[in-house]
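S.K.: okay, sequence plus prediction incoming.
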Amino acid sequence: MSTAPPGRKLASGVQRITSSALGRYQSAVVRIGFSATYLLFLLRELPHRHEMYGPDAPWRWDMAKQLISGNESLSVLMWSDSTAWFETVYAVVLLSAALLMVGWHTRAMSVLFMVGVLSLQNRSVFLGDGGDNVVHLMAIYLVLTRCGQVWSLDARRAARARRTESGADGESKSEQESGAGGARPALNAAGMILWLVLGLVLVVATATDGLGGTWWLPTLLWVLWIGHGVWWAVNRYAPQSEPRTLLDVLANLAHNATLVVIMAEVCLIYATAGWYKVQGSRWQDGTALYYPLNLDYFTPWPALSDLLASNGVMVMVLTYGTVIVQVAFPFTLFNRRVKNVLLVAMMCEHAGIALLLGLPFFSMAMIAADSVFLPTVFLVWLGGRVTLGRQLLFSRTGRVPEQQRGGEEEVPQHSGSSGHTLVG
């Protein structure tokens with residue numbers, strides 16, 4: 001049992017949440033999972049994009065504009081009803097989802113991804129389901145997280161910059177860590193151009209009242225854009241200064257608070273779903289799963305659905321098991337072993353939903369949300385296996401990548417020459 005006084009424990013806790021971004025691997029998995037989910041969804045619906053969100057949609061552009069003006073939501077598709085503008089927006093959303101998944105200028109891509117998700121979903125709001133609602137919320141949350149610190153191109157670029165700087169001018173590693181003779185980071189032309197272009201778009205959108213009727217969204221976008229510029233200036237001209245440390249603290253606080261919100265959101269989803277199921281008579285008698293297995297709309301594999309539906313005991317076990325797992329999960333967060341068991345059960349449940357009921361994107365979204373609770377040790381091990389597999393693949397093709405261990409691409413929290421504070 002710890003004998004440290006309460007004041008010291010409190011100081012240690014404050015130091016931890018301000019000096020580091022917690023759950024870096026978990027936030028990276030959430031980033032990859034949701035961006036991949038929406039990217040695959042947009043690619044699958046590419047032939048039908050005009051009927052869903054474009055000029056041929058049953059929910060016409062003028063009807064959508066009237067609804068959006070009433071609920072004060074955001075959709076850049078309302079800026080013009082031309083087909084060229086719709087194609088441009090759809091392409092930008094596709095590109096932002098792909099670049100967010102690989103972690104290229106993560107903060108900027110997360111903003112574009114959020115605006116794209118809101119724009120498409122608000123354009124045809126009646127097409128959405130539970131999975132779309134989760135993507136909608138997580139797209140907003142990702143903007144406030146430092147989800148590019150590991151498993152991203154940003155992290156790899158920062159690692160390469162650190163290795164280059166540590167070898168420059170014959171400086172030793174200790175001198176680098178103490179900040180002695182630290183060189184300015186190299187200019188990132190792509191980042192500067194991206195910042196200028198997004199700033200111009202933001203100015204025009206604000207001037208034309210194209211950011212919706214809410215106050216928080218324009219404020220958030222302006223704070224992120226200005227913060228991006230301040231981060232770059234401080235990181236380049238005063239990398240070891242107190243303002244640089246302050247930016248890190250603010251970014252860590254925003255990240256950690258948002259991570260708590262994401263966890264609470266997932267718990268709320270399962271708790272409400274479980275308790276609503278408890279009140280349903282079909283869930284109480286153990287037959288709720290039987291009925292969707294006999295609906296043509298939810299049977300992509302009729303033979304498999306018939307096989308499962310014909311087994312009454314299995315249907316009852318899965319029905320009751322779903323309710324028990326969803327209701328119990330929020331109460332198991334303080335018991336790591338039980339939580340991990342239920343987490344695996346929920347992920348398997350969603351995989352079964354994707355296979356049996358033909359809802360792959362809903363299942364992918366929920367599995368990505370569940371990933372925020374995955375143990376760090378498992379994620380580090382998984383990253384190491386992926387790295388090893390990549391090295392074996394490239395070695396067979398005659399290209400041997402740099403030998404890196406799983407944690408080598410992480411961005412240090414107080415690096416003087418590089419860091420991802422307000423730009424991811």
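M.R.: Okay, I see it. Numbers count the residues shown, from 1 in each chain.
S.K.: pLDDT below threshold where in the chain?
M.R.: Scanning the chain for pLDDT under 70 picks out the ranges 1-4, 167-186, 397-424.
S.K.: and the longest helix for it?
M.R.: The longest helix of the chain (DSSP state H) is helix 242-279.
S.K.: starting at the chain centroid, how far to stretch 320-329?
M.R.: Here stretch 320-329 is found 25 Å from its chain centre; the criterion is C-alpha atoms, centre = their mean, to the nearest Å.
S.K.: alpha carbons of that stretch, as CSV, please.
M.R.: Backbone C-alpha positions of stretch 320-329 (Å, rounded to 0.1, in the frame of the first residue of the first chain) are rendered in CSV as follows:
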residue,chain,number,x,y,z
TYR,A,320,-29.0,-13.3,-23.3
GLY,A,321,-25.3,-13.1,-23.7
THR,A,322,-25.6,-9.8,-25.6
VAL,A,323,-27.8,-8.2,-22.9
ILE,A,324,-25.5,-9.4,-20.1
VAL,A,325,-22.3,-8.2,-21.8
GLN,A,326,-23.7,-4.8,-22.7
VAL,A,327,-25.2,-4.1,-19.3
ALA,A,328,-22.2,-5.4,-17.4
PHE,A,329,-19.4,-3.8,-19.4
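S.K.: give the other helices and strands that the longest helix of the chain contacts.
M.R.: With contacts taken as 3 or more C-beta pairs under 8 Å, 6 or more residues apart in numbering; DSSP states H and E, helix 242-279 sits against helix 6-19, helix 24-44, helix 130-142, helix 216-237, helix 312-328, helix 360-370. C-betas here are computed from N, CA, C, even on glycine.
S.K.: in the first one, what's buried?
M.R.: Looking back up the chat, that one is helix 6-19. By neighbour count on 16 or more other C-beta atoms under 10 Å, the buried set for helix 6-19 is 17, 18.
S.K.: quick one: it to helix 242-279, angle?
M.R.: Put simply, helix 6-19 runs at 100 degrees to helix 242-279, going by axes from the mean of the first three to the mean of the last three C-alpha atoms, to 10 degrees.
S.K.: elements contacting helix 6-19?
M.R.: helix 242-279.
S.K.: ok and the helix it packs on relative to helix 360-370, angle-wise?
M.R.: Helix 242-279 and helix 360-370 are oriented at 120 degrees to each other (the same axes, to 10 degrees).
S.K.: buried stuff in the longest helix of the chain?
M.R.: Of the residues in helix 242-279, 244, 247-249, 251-252, 254-256, 258-259, 262-263, 266, 269-271, 274, 277 count as buried by neighbour count, 16+ other C-beta under 10 Å.
S.K.: check stretch 383-394 too.
M.R.: By 16+ other C-beta under 10 Å, the buried positions in stretch 383-394 come out as 383, 387, 391.
S.K.: got it, and stretch 333-344?
M.R.: Going by neighbour count (16+ other C-beta under 10 Å), the buried part of stretch 333-344 is 339, 342, 343.
S.K.: now, which of those sits nearest residue 18?
M.R.: residue 339 (26.3 Å; C-beta to C-beta).
S.K.: touching, that closest one and residue 332? I think so.
M.R.: Yes - the pair residue 339 / residue 332 is scored as a contact, 4.5 Å apart, by C-beta atoms under 8 Å.
S.K.: what's the neighbour count on residue 234?
M.R.: Applying other C-beta atoms under 10 Å, we find 19 residues neighbouring residue 234.
S.K.: related to what we said a few turns ago, let's have the buried residues of stretch 383-394 in a markdown table, adding distance to residue 295 and secondary structure.
M.R.: Below are the buried residues of stretch 383-394 laid out as a markdown table (distance: C-beta to C-beta, whole Å; DSSP: H, G, I helix; E, B strand; the rest coil):
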| residue | distance to residue 295 | secondary structure |
| --- | --- | --- |
| 383 | 40 | helix |
| 387 | 43 | helix |
| 391 | 46 | helix |
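S.K.: of all the residues you listed, which comes closest to residue 204?
M.R.: Nearest to residue 204 out of the buried residues of stretch 383-394 is residue 383 (C-beta to C-beta; 40.9 Å).
S.K.: any idea how far that closest one lies from residue 26?
M.R.: To residue 26, residue 383 is 12 Å away according to C-beta to C-beta, to the nearest Å.
S.K.: joint contacts of these two?
M.R.: When C-beta atoms under 8 Å, 6 or more residues apart in numbering defines a contact, no residue borders residue 383 and residue 26 alike.
S.K.: which stretches of the stretch 51-200 of the chain form helices?
M.R.: Ranges of helices in the stretch 51-200 of the chain, per DSSP state H, counting those that start in this stretch, are 61-71, 83-102, 106-123, 130-142, 153-167, 173-177, 189-207.
S.K.: name the helices or strands packed onto the first one?
M.R.: When contacts are defined as 3+ C-beta pairs under 8 Å, 6+ apart, helix 61-71 packs onto helix 106-123.
S.K.: got the CA positions of the helix it packs on in CSV?
M.R.: C-alpha atoms of helix 106-123 as CSV (Å, rounded to 0.1, in the frame of the first residue of the first chain):
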residue,chain,number,x,y,z
THR,A,106,-2.9,14.3,-38.7
ARG,A,107,-4.5,17.4,-37.1
ALA,A,108,-5.3,19.1,-40.4
MET,A,109,-6.6,15.8,-41.9
SER,A,110,-8.8,15.2,-38.8
VAL,A,111,-10.4,18.6,-39.3
LEU,A,112,-11.0,17.9,-43.0
PHE,A,113,-12.4,14.5,-42.0
MET,A,114,-14.7,16.0,-39.4
VAL,A,115,-16.1,18.6,-41.9
GLY,A,116,-16.5,15.9,-44.6
VAL,A,117,-18.4,13.5,-42.3
LEU,A,118,-20.7,16.3,-41.1
SER,A,119,-21.3,17.6,-44.6
LEU,A,120,-22.2,14.2,-46.1
GLN,A,121,-24.3,13.0,-43.2
ASN,A,122,-26.2,16.3,-42.7
ARG,A,123,-26.8,16.5,-46.5
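S.K.: which strands and helices lie in contact with that helix?
M.R.: Packed next to helix 106-123, using 3+ C-beta pairs under 8 Å, 6+ apart, are helix 24-44, helix 61-71, helix 83-102, helix 130-142, helix 189-207, helix 216-237.
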